[in-house]
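**Student:** after the sequence you'll find the predicted model.
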Amino acid sequence: MTDSERQQHAHLDGLAQAYAEVLAAHDIDGVLLYSGRPAGHFGDDQHASFAAYGHFVHWTGQAQLAHSWLLVRPGEPPTLTLHAPADFWHLPARLPEEPWIERFRVEARESTEPPVLPSGRFAVLGDVTDDMARALVAEANPPGLLAALDELRVRKSDYEVSCLREANHRAMAGHRAAREAFEHGGAELDIQLAYLSGARQRESELPYPNIVGLNAHGGVLHYQHYDKAPPTARRSLLLDGGRRYRGYCADITRTWAGGDADPEFAPLIEGATALQRRLIAALAPGVDYVALHRRMHEGLAALLVEQQLVTASPEAVLASGLTRAFCPHGLGHLLGVQVHDVAGRVNAAGHPLPPPAEHPALRLTRELEAGMVVTMEPGFYFIPMLLEAHRHRPEVNWGRVERLADHGGIRIEDNVLVTADGPVNLTPQEP
C-alpha cells in the first residue's frame, strides 16, 4: 500500500469515528448522502455541468458521480449505491480499482431512486425534496446535523492536504501553459485552451469556470467570457484557474504584465505580491481572519501611497474607504472539496459569524485553526463603477489611474495550510 493509500484509509477511519459521534449526539441511526443530479435546461434535453454534493465527495472523492447514494451507519461499512445503468448512449459510471473501495459495500444498479432504508431514525442530505424524504421515512437536511458535518470539513486530514497539494501542482502546470500562450499573443480562448491542456482536465471537471481576463477584463472580478480574437494591445492577463484532484480543489490566481503594459503596472504587481507574502506569513492558529482582512486593506492603502496613486497618508486613505473601491472582495476563504468550502462564516458551535458591514464579501470570518486550508488573495483593481464614487477626491492621481484602467487589475492567490509551526504554502511559486 502506498503512502497516499495509507493516508486515505486513515482519513476514512477518522470520518467513520467523527460521523458516529455526530450521529449519536443528534440521536440519529444513520445518514444517507445523495450525490445529486445534473440540472436540466428548460425546454431542452441537455444538462448543465455537474459536481457531486460535498459531503458525498468527502467520503468518496468522486465529484462526477450523479444519481448515487452513500449510506453511513456507525459500526457498518458505508454502502455506496452506484447509478450505473446498462446504456449504449453513455458510458456507465465506474469506480477506480483502488484499495479504498474495499472499505465500502458497493451496489451498482440502474434506478435513480434512493435505496430502501432499514428501520430506525435516519436523515437524508443533499439536493432532495420533502417528498423523497417522506418516502424514505427520513428527515431532509436537518440544520443542526448539517452544521455539525460541515464542521468536520474545516480541518483537513493528512490525506486531504496531500490531495490539495497535488491539485495545486497540476493547476500550476495549467498556469504555466496559459502564461506561454499569453506571451505568444493568444486570445482569451487560446489561453483557456492552453490551460486545460497543461492541467490535463476538461472544462466541465474544473472546480469553477476559469477567469481569463486580458487587459480591462481583469478588472471584472468573475469575468465569464473568453474572447476569440486577441486584443490589439497586450497589456495584462489575470488568470484565476483551478483544478480538481480526487475531488479536492486548487484555486490559484496570477497576474502578468504584457509587452504593451504601462511601466507603472509591473511595480503594482510586485507590490501586491509582496503584500500577499506578508499576509501569508501572518497565518497561524488563533489569528482572527477578519483582522487579517483589515490588514490587507492597510497594506493596500500603503501601496496606493507608495505607487503615488494617492497623495495622502496611508491612514487617511484607509479612513476614506478608498481601498474598498480598489479591492471590493474578501482576502480569502476555506478550501476543500468545494472551492468556497463550508463553515467559513460560523464558529465551531455553528453560531453565525457574519462579515463586517464594510466588508460584506468576506467569506471567512472565524479564527484560524491548525488544519485549515485557506486561500490568500489580495486584489488591486481599476473598476470604473466603484472608483466613480470617489471622483471628488483631489488626493487621487486620476491621470495615473486612468492610464492603468485598461490593465484591469491584479490578484495573487495561493492555497495555504495553517499549522502550529507556521503556514505551509501548497501552491508552487512558479510561474
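**Tutor:** Perfect, I can see it now.
**Student:** wasn't residue 6 part of a helix?
**Tutor:** Yes - assessed with DSSP: H, G, I helix; E, B strand; the rest coil, residue 6 lies in a helix.
**Student:** quick one, what contacts it?
**Tutor:** With contact set as Cβ atoms under 8 Å, 6 or more residues apart in numbering, residue 6 has no partners. In short, each C-beta sits where N, CA and C put it, glycine included.
**Student:** and the pLDDT at it?
**Tutor:** With respect to pLDDT, residue 6 scores 96.
**Student:** same deal with residue 381?
**Tutor:** pLDDT, residue 381: 98.
**Student:** that one reaches residue 409, doesn't it?
**Tutor:** Yes - between residue 381 and residue 409 there is a contact at 3.1 Å, judged by Cβ atoms under 8 Å.
**Student:** any idea whether residue 56 is helix, strand or coil?
**Tutor:** Classified using three-state DSSP, residue 56 is helix.
**Student:** could you number the chain from 329 rather than 1 from now on?
**Tutor:** From this message on, residue numbering opens at 329, which makes the last subject residue 384.
**Student:** show me what contacts it?
**Tutor:** 361-364, 390, 393, 396, 398, 454.
**Student:** residues shared between the contacts of residue 709 and residue 737?
**Tutor:** Common neighbours of residue 709 and residue 737 (Cβ under 8 Å, 6+ apart) are 546-547.
**Student:** more neighbours, the two?
**Tutor:** residue 737 (25 against 22; other Cβ atoms under 10 Å).
**Student:** quick one, what contacts that one?
**Tutor:** Per Cβ under 8 Å, 6+ apart, neighbours of residue 737: 541, 546-547, 566, 583, 707-711.
**Student:** phi, psi of residue 713?
**Tutor:** Backbone torsions for residue 713, taken as degrees, to the nearest 10, come to phi -70, psi -30.
**Student:** from residue 733, how far out is it?
**Tutor:** 12 Å (Cβ to Cβ, to the nearest Å).
**Student:** if you count what's nearby, which of these two comes out ahead?
**Tutor:** residue 733 (18 against 8).
**Student:** excluding covalently adjacent residues, which one is nearest to that one?
**Tutor:** residue 710 (4.4 Å; Cβ to Cβ, 6 or more residues apart in numbering).
**Student:** for residue 584, same thing?
**Tutor:** residue 565 (5.1 Å).
**Student:** wait, residue 356 touches residue 473, no?
**Tutor:** Yes - Residue 356 lies in contact with residue 473 (Cβ under 8 Å); the separation is 6.7 Å.
**Student:** which neighbours do those two share?
**Tutor:** residue 451.
**Student:** so residue 648 sits against residue 721, correct?
**Tutor:** Yes - Residue 648 lies in contact with residue 721 (Cβ under 8 Å); the separation is 7.1 Å.
**Student:** quick revisit: element containing the residue nearest to residue 584?
**Tutor:** Per DSSP states H and E, residue 565 falls inside strand 564-573.
**Student:** report the distance from the next helix or strand after that strand to the chain centre.
**Tutor:** Per DSSP H and E, strand 564-573 leads on to strand 576-585 as the next helix or strand towards the C-terminus. Chain-centre distance of strand 576-585: 11 Å, with Cα atoms, centre = their mean, to the nearest Å.
**Student:** in strand 576-585, what's buried?
**Tutor:** 576-585 (16 or more other Cβ atoms under 10 Å).
**Student:** please name every helix or strand in contact with that strand.
**Tutor:** Counting by 3 or more Cβ pairs under 8 Å, 6 or more residues apart in numbering; DSSP states H and E, the packing neighbours recorded for strand 576-585 are helix 486-511, strand 564-573, helix 593-609, strand 737-739, strand 742-745.
**Student:** list the helices and strands the longest one packs on?
**Tutor:** Read it as helix 486-511. By 3+ Cβ pairs under 8 Å, 6+ apart, helix 486-511 packs against helix 331-353, helix 516-527, strand 564-573, strand 576-585, strand 701-704, strand 742-745.
**Student:** burial count for the residue nearest to residue 584?
**Tutor:** 26.
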